[in-house]
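J.: task: produce atomic coordinates for the following.
(chains A and B)
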Protein chains: 2
Amino acid sequence: MSNRQVRLATRPVGRIDDNTWSITSEPVPEPGAGEFVVKIDYVSVDPAMRGWLDDVRSYVPPVAIGAVMRAHAVGRVHASRNDRFPAGTPVSGLFGACEYALSDGSDVTVVDLDLAPGPTWLGALGFPGMTAYFGLLDVGRLRPGDTVLISGAAGAVGSIAGQIAKLLGCRVIGIAGGPEKCAWLTDELGFDAAIDYRAGSIGRALRAAAPKGIDVFFDNVGGDILNSALAQLRTHARVVICGAISGYNATEPQPGPSRYLSLLVNRASMAGLIVFDYADRFPEAQAALSNWIRRGDLITREQVRSGGIEAFGDTLNMLFDGANTGKLVLEV
Amino acid sequence: MSNRQVRLATRPVGRIDDNTWSITSEPVPEPGAGEFVVKIDYVSVDPAMRGWLDDVRSYVPPVAIGAVMRAHAVGRVHASRNDRFPAGTPVSGLFGACEYALSDGSDVTVVDLDLAPGPTWLGALGFPGMTAYFGLLDVGRLRPGDTVLISGAAGAVGSIAGQIAKLLGCRVIGIAGGPEKCAWLTDELGFDAAIDYRAGSIGRALRAAAPKGIDVFFDNVGGDILNSALAQLRTHARVVICGAISGYNATEPQPGPSRYLSLLVNRASMAGLIVFDYADRFPEAQAALSNWIRRGDLITREQVRSGGIEAFGDTLNMLFDGANTGKLVLEV
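T.: Residues are numbered from 1 along each chain as shown, chains lettered A, B, ... in the order given. Now for the predicted structure:
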């Protein structure tokens, strides 16, 4: 019985390709005292992963060359010498892109598969859901009645963020790529409006959808979308910088938001968010999100890609092609 | 007896020149019931004035073509039919760039010339002082021990902001143009370090002056200086956007701060400031600044330009040439 793993072979310049990864195989580890081995069922595939591959100072160290790719995953305890995590326990954690992972239990969460299936624990009930919740409520200081704009709105974080804002009494506009995603936002998730960024001027569409301006902009995309949104801020608006996927594969420095002085004119603020900072408060968010899911008020959607560990690289690239709707997950 | 006034003749494209203004002359107005006329002694000359000339939506309407140029000024009540402001009262207000102004007393402040001379009431005890105070304490959430970076540090706002930060127990680094200004910051005002932005790489100088990074950046300049500062933020840093003088005369859109994702990585925030929002709290700031001035803890400096009303345009351009140290004021 072998454990296949996705390891970083070379640091990508621009888009990830086959040279980025090597697939290795080694024996399934044996747990030492206090340890257990998790058999991975689903690996999370996230835009932030692209940043973890670059050799720059950031909020986490870069993935080392030759190391197993850092990834959140969900699985079941396979063999255990840790009483808190007996064999069979469904768990989530930073297990990496692999088939089996050794753990001592730190930062591992027992997940409730009766409440939601494994992939949801990597989406709405995992870091994307936490990011949406704390990004809106804490960084964005969301208030009922706010007009909220969300970019990457059909993605893992954006689709949850928009629904939270609706549940809390806001008017919500989503930006996504293509008519299908936009229809999903308005027809299924209850967004008040959706803007297809591929269909024409974002600025014009934004002025039409939010003629009085935006109170909270939750940005996952950056680039032109950020700049267009800055032009449409209301007084005391809050811009939440969650990500900037439009520039993650760039090989040259990307232009900054030339309209940043809108922050001055509108006494607005722009602030970044790293979800790990909220670890102490995850139970609060998980309780709220679980309740909404139980009541049927929050629609969770995962796009589960098959193909096993070998498909990891191609699956990650789907994010940069806008090929996913909802949370992208790789089935191992 | 005539009242000469600086009026906006044409909206400038790029740098202000002689075509921008017309000097008009009309009889000194007579106060109606409840009104008074102020004889202006000093007119404030501020970077923000450049923005007031552009026909764009902003925090105040643009100055209309043909209107007297909007300006803060200090003078004495000359003729009065308002009991609250008898003749001889020293006052400050938004009187405009002119020799005599008619007022009904709204938003007019009686100034104490025993505490400080007229020009100081346009600087440390006027809007620049208020801007420095609320920018640091409210928007910047200054804390003792913070490392504070100030651009345009030898200017009206920056020179006060740096001294306030020192008085409140911070380490303060100023950025200014030229060795004389830098020497003034460190030798006279007590800044811990000064960076001459004309002398070489700002980024390198900043890494040397603040190797552990910046907690609060108070920005009056924008452009490359803002971008270099973003690269040196500490976790939870606050960037206060007070102005962006480096771009005010630009005829093309200026590049935005390409390193804005430093806000994400460092969970930092960037927020704009309009001092008029703090009008209710001006007494708090004026009390604090007055006390520091009385105790000799706050050095105020004004550069008073003579030449009367006709010199207004040239004086304003001095700001964009970096020709002033401290608060620039025109003597009427």
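J.: could you check how far the closest residue to residue A:223 other than its chain neighbours is from chain B?
T.: Excluding the flanking residues, the one nearest residue A:223 by C-beta to C-beta, 6 or more residues apart in numbering or on different chains is residue A:246, at 3.8 Å. From N, CA and C alone the C-beta is placed, and that goes for glycine too. Between residue A:246 and chain B the computed distance is 12 Å (C-beta to the nearest C-beta, to the nearest Å).
J.: is it fair to say residue A:246 lies in a strand?
T.: No - per DSSP: H, G, I helix; E, B strand; the rest coil, residue A:246 lies outside any strand segment and is helix.
J.: name the residues of chain A found near chain B, please.
T.: A:57-59, A:222, A:227, A:241-244, A:253-274, A:277 (C-beta under 8 Å from any C-beta of the partner chain).
J.: are any of these buried, and which?
T.: Taking 16 or more other C-beta atoms under 10 Å in any protein chain shown as the criterion, what is buried in those is A:58-59, A:222, A:227, A:241-244, A:254, A:256-274.
J.: wait, isn't residue A:42 in contact with residue A:123?
T.: No - counting by C-beta atoms under 8 Å, residue A:42 does not reach residue A:123; the two are 10.0 Å apart.
J.: any common contacting residues for those two?
T.: Listed as contacting both residue A:42 and residue A:123 by C-beta atoms under 8 Å, 6 or more residues apart in numbering or on different chains are residue A:329.
J.: for the residue nearest in space to the middle of chain A, which residues are in contact?
T.: Among the residues of chain A, residue A:128 comes closest to the average C-alpha position under C-alpha atoms, centre = their mean, at 4.2 Å. By C-beta under 8 Å, 6+ apart, the contact list for residue A:128 reads A:46, A:122, A:156, A:157, A:160, A:327.
J.: quick check, nearest of these to chain B?
T.: The nearest member of these to chain B, counting by C-beta to the nearest C-beta, is residue A:157 at 13.1 Å.
J.: so where does the closest one fall, helix or strand?
T.: helix A:156-167 (DSSP states H and E).
J.: next secondary structure after that helix?
T.: Taking DSSP H and E, what comes next after helix A:156-167 is strand A:171-176.
J.: circling back: contacting residues for the residue nearest to residue A:223?
T.: Counting by C-beta under 8 Å, 6+ apart, residue A:246 touches A:221, A:222, A:223, A:224, A:225, A:254.
J.: residue in the stretch 101-250 of chain A nearest to chain B?
T.: For the stretch 101-250 of chain A, C-beta to the nearest C-beta, closest residue to chain B: residue A:241, 4.7 Å.
J.: tell me where the stretch 1-150 of chain A has helices.
T.: A:48-52, A:127-134 (DSSP state H, counting those that start in this stretch).
J.: for those, give me a markdown table that also has mean pLDDT and distance to residue B:167.
T.: Shown next, in a markdown table, are the helices of the stretch 1-150 of chain A (pLDDT from 0 to 100; distance: least, C-beta to C-beta, whole Å):
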| stretch | mean pLDDT | distance to residue B:167 |
| --- | --- | --- |
| helix A:48-52 | 96 | 40 |
| helix A:127-134 | 98 | 35 |
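J.: looking at those helices, which is nearest to residue A:203?
T.: The closest of the helices of the stretch 1-150 of chain A to residue A:203 is helix A:127-134. By C-beta to C-beta, the value is 25.2 Å.
J.: just give me how far the closest one sits from the chain centre.
T.: Distance, stretch centre to chain centre, for helix A:127-134: 8 Å (C-alpha atoms, centre = their mean, to the nearest Å).
J.: what does stretch A:99-117 give?
T.: Centroid separation between stretch A:99-117 and its chain, computed with C-alpha atoms, centre = their mean, is 18 Å.
J.: name the residues of it that come out as buried.
T.: Judged by neighbour count using 16+ other C-beta under 10 Å, the buried positions of stretch A:99-117 are A:99, A:100, A:101, A:102, A:103, A:105, A:108, A:111, A:116, A:117.
J.: let's have the residues you listed in JSON lines, adding pLDDT.
T.: Formatted as JSON lines, the buried residues of stretch A:99-117 follow (pLDDT from 0 to 100):
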{"residue": "A:99", "pLDDT": "98"}
{"residue": "A:100", "pLDDT": "98"}
{"residue": "A:101", "pLDDT": "98"}
{"residue": "A:102", "pLDDT": "98"}
{"residue": "A:103", "pLDDT": "98"}
{"residue": "A:105", "pLDDT": "97"}
{"residue": "A:108", "pLDDT": "96"}
{"residue": "A:111", "pLDDT": "97"}
{"residue": "A:116", "pLDDT": "96"}
{"residue": "A:117", "pLDDT": "97"}
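J.: what's the closest of the residues you listed to residue B:217?
T.: Checking the buried residues of stretch A:99-117 against residue B:217 with C-beta to C-beta, the nearest one is residue A:108 at 39.0 Å.
J.: check contacts around the closest residue to the closest one other than its chain neighbours.
T.: Excluding its sequence neighbours, the residue lying closest to residue A:108 (C-beta to C-beta, 6+ apart) is residue A:93, at 4.0 Å. Applying C-beta under 8 Å, 6+ apart to residue A:93 gives the contacts A:38, A:72, A:73, A:101, A:103, A:107, A:108, A:109.
J.: who does residue A:93 bridge with?
T.: Per DSSP bridges, the residues bridged to residue A:93 are residue A:73.
J.: cool, and residue A:195?
T.: Beta-bridge partners for residue A:195, by DSSP bridges, are residue A:175.
J.: now residue A:22: how far from residue B:326?
T.: 62 Å (C-beta to C-beta, to the nearest Å).
J.: my bad, should have said residue A:307
T.: Per C-beta to C-beta, residue A:307 is found 67 Å from residue B:326.
J.: likewise for residue A:317?
T.: As defined by C-beta to C-beta, residue A:317 lies at a distance of 56 Å from residue B:326.
J.: so those two - more neighbours on which side?
T.: Taking neighbours as other C-beta atoms under 10 Å in any protein chain shown, residue A:317 and residue B:326 compare with residue B:326 leading, 25 against 17.
J.: for the more buried one, what are its contacts?
T.: Counting by C-beta under 8 Å, 6+ apart, residue B:326 makes contact with B:123, B:154, B:155, B:156, B:159, B:300, B:301, B:302, B:303.
J.: pLDDT wise, what is the spatially closest residue to residue A:231 that is not a sequence neighbour at?
T.: Nearest residue to residue A:231, sequence neighbours excluded (C-beta to C-beta, 6+ apart): residue A:259, at 5.2 Å. Per-residue confidence at residue A:259 stands at 96 (pLDDT).
J.: same check on residue A:69?
T.: At residue A:69, pLDDT is 98.
J.: just give the number of residues close to it.
T.: Using other C-beta under 10 Å, residue A:69 is surrounded by 22 other residues.
J.: residue A:7 is in contact with that one, correct?
T.: Yes - assessed by C-beta under 8 Å, residue A:69 is found in contact with residue A:7 at 6.8 Å.
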